[in-house]
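Undergrad: Quick check, what structure comes out for this input:
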Amino acid sequence: MTAINVKGLYVSYFGNEAINNISFQTNTGTILGIIGPNGAGKSTLLKSLLSLIPTDRGVIEYYGKPVKETRNKIAYVPQRSDIDWDFPITVLDTVVIGTYPKLGLFKRPKQKDREWAYHCLEKVGMSDFGKRQIGELSGGQQQRVFLARALAQETEMLFLDEPFVGIDASSEQTIITILRELRNLGKTIVIVHHDLNKAASYFDEILLINKELVSYGKAQDVLKPNNITKAYSGQLSFLKELGVNLS
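TA: Numbers count the residues shown, from 1 in each chain. Next comes the predicted model:
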């Protein structure tokens, strides 16, 4: 089944083009990576897919319906830099927020909702931190908690914006393992990512962009030297520093 269908998507900021005519389709049970150089519009694309920012034109459908009709099927994990870590909330209460969309208007979470949130914390290895203030945690721990909040929503799709930036290797491995498990259960995962060296092992499909679509398809087909060179034109020294083989 087609989970995401995007046709002719354009996005601009104050008249400056950010996304130019991007189209793609991806099926359920897929981990899709959005890859590209700095300033390529990766996060802009992700936010536009979720209607968090306006689009100029284009079609965005989930299971054949617009996002306003399918919001309850989508969980979103923003960049850590977009979150107020000084907000006075505990780890457990942060995850409980993930149950709110299913509660209904003006309803408060019940004991079963808090138990479900605790289970989600167990899933990400953070059950011992439930009473901590969210800002007391390390970067990797914080990212695990926000993944737990997304799990608490029990959605069909997860969108994550740079989830592996600034976190420890153990947390990164925990997160990608959980995402693979969700993929195997038929969930669709979309991840903005910057590390080309891990892209082939992390993603089933890759959307390689630089404001416009450079290549889309299976990871091994997209990550060809010619595609990478085209996307990262002007940043070849950066690629060599990463150890990317362009031959």
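Undergrad: Show me the contact partners of the longest helix anywhere in the chain.
TA: The longest helix of the chain (DSSP state H) is helix 169-184. Helix 169-184 is touched from outside by 29-31, 123-125, 139-141, 143-144, 147, 151, 158, 160, 163-164, 167, 189, 191, 202, 204, with contacts defined as Cβ atoms under 8 Å, 6 or more residues apart in numbering. Where C-beta positions appear, they are placed from N, C-alpha and C, glycine not excepted.
Undergrad: and the helix or strand hosting Leu32, what other elements does it pack with?
TA: Element membership for Leu32 (DSSP states H and E) is strand 31-35. On a contact count with 3 or more Cβ pairs under 8 Å, 6 or more residues apart in numbering; DSSP states H and E, strand 31-35 meets helix 42-49, helix 169-184, strand 188-192, helix 196-202, strand 205-210.
Undergrad: Output the longest helix of the chain in CSV with nothing but the alpha carbons.
TA: C-alpha atoms of helix 169-184 as CSV (Å, rounded to 0.1, in the frame of the first residue of the first chain):
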residue,chain,number,x,y,z
ALA,A,169,26.5,5.6,20.0
SER,A,170,24.5,3.5,22.4
SER,A,171,21.4,5.7,22.0
GLU,A,172,21.7,5.8,18.3
GLN,A,173,21.8,2.0,18.1
THR,A,174,18.8,1.7,20.4
ILE,A,175,16.8,4.2,18.3
ILE,A,176,17.6,2.6,15.0
THR,A,177,16.9,-0.9,16.4
ILE,A,178,13.4,0.2,17.6
LEU,A,179,12.7,1.9,14.2
ARG,A,180,13.6,-1.3,12.4
GLU,A,181,11.2,-3.2,14.6
LEU,A,182,8.5,-0.7,13.8
ARG,A,183,9.2,-1.0,10.1
ASN,A,184,8.9,-4.8,10.4
